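**Q** this is the structure alone, sequence omitted:
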């Protein structure tokens, strides 16, 4: 019974914390706290286009503010307006040519052609004489030195043999060795 009461208290506490986080997130998005707040005025959209350092702590900054481009000199003493002008309009790419879509008959013909093709990988020539290129051998189906897997009867799953699992976390021997080391440390 005590466990149930503790679990309910933890769940309720977690719910309160998550609800508080959600409320704070919503308020931050709407700009009702500190940084986003502008006291009744609409905030200007400011985008830094480029920045170039010209000395130790001096730089030139190009900024777009509500459709106007400003070039500012920024130094340790302050910020100076160097020049201003109209911000260039964003470039839009228009597709003017016609787009050729395949017809339903052409699509159906391609599907039929793919269905009639033999399934599987393409056949690789077995001898260099078959391809006309020297030294072209077929690729092996599995890497050399690996043993075949046992399969569980009646099931399509592949079960690796014990030698392949040796030293891995999946090996029962690894767990037995870990348990014996822990037992020996407790007694010693």
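**A** Great, that's in hand. Keep in mind that this is a model prediction, so the values were computed, not measured. Numbering: from 1, shown residues only.

**Q** could you use CA atoms for every contact and neighbour count after this?
**A** OK.

**Q** please list all residues in contact with residue 64.
**A** Neighbouring residues of residue 64 by C-alpha atoms under 8 Å, 6 or more residues apart in numbering: 46, 47, 48, 49, 70, 87.

**Q** quick check: bridge partners of it?
**A** Beta-bridge pairing for residue 64 (DSSP bridges): residue 47, residue 69.

**Q** follow-up on the earlier one: I'd like the contacts of residue 64 laid out as a markdown table, including pLDDT and neighbour count.
**A** Listed next are the contacts of residue 64 as a markdown table, based on pLDDT from 0 to 100; neighbours: other C-alpha atoms under 10 Å:
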| residue | pLDDT | neighbour count |
| --- | --- | --- |
| 46 | 85 | 13 |
| 47 | 86 | 12 |
| 48 | 89 | 12 |
| 49 | 89 | 12 |
| 70 | 92 | 20 |
| 87 | 81 | 14 |
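
**Q** near the closest residue in space to residue 70 that isn't next to it in sequence, how many other residues are there?
**A** Nearest residue to residue 70, sequence neighbours excluded (C-alpha to C-alpha, 6 or more residues apart in numbering): residue 84, at 4.4 Å. Residues lying near residue 84 (other C-alpha atoms under 10 Å) number 14.

**Q** my guess is residue 84 contacts residue 65, does it?
**A** No: contact criterion C-alpha atoms under 8 Å: residue 84 and residue 65 do not qualify, at 10.4 Å.

**Q** from the contacts of residue 64, pick the one nearest residue 23.
**A** Ranked by distance to residue 23 (C-alpha to C-alpha), those are led by residue 46 at 27.2 Å.

**Q** and the helix ranked longest in the chain, what other elements does it pack with?
**A** For the chain, the helix with the greatest residue count under DSSP state H is helix 2-30. The helices and strands touching helix 2-30, judged by 3 or more C-alpha pairs under 8 Å, 6 or more residues apart in numbering; DSSP states H and E, number zero.
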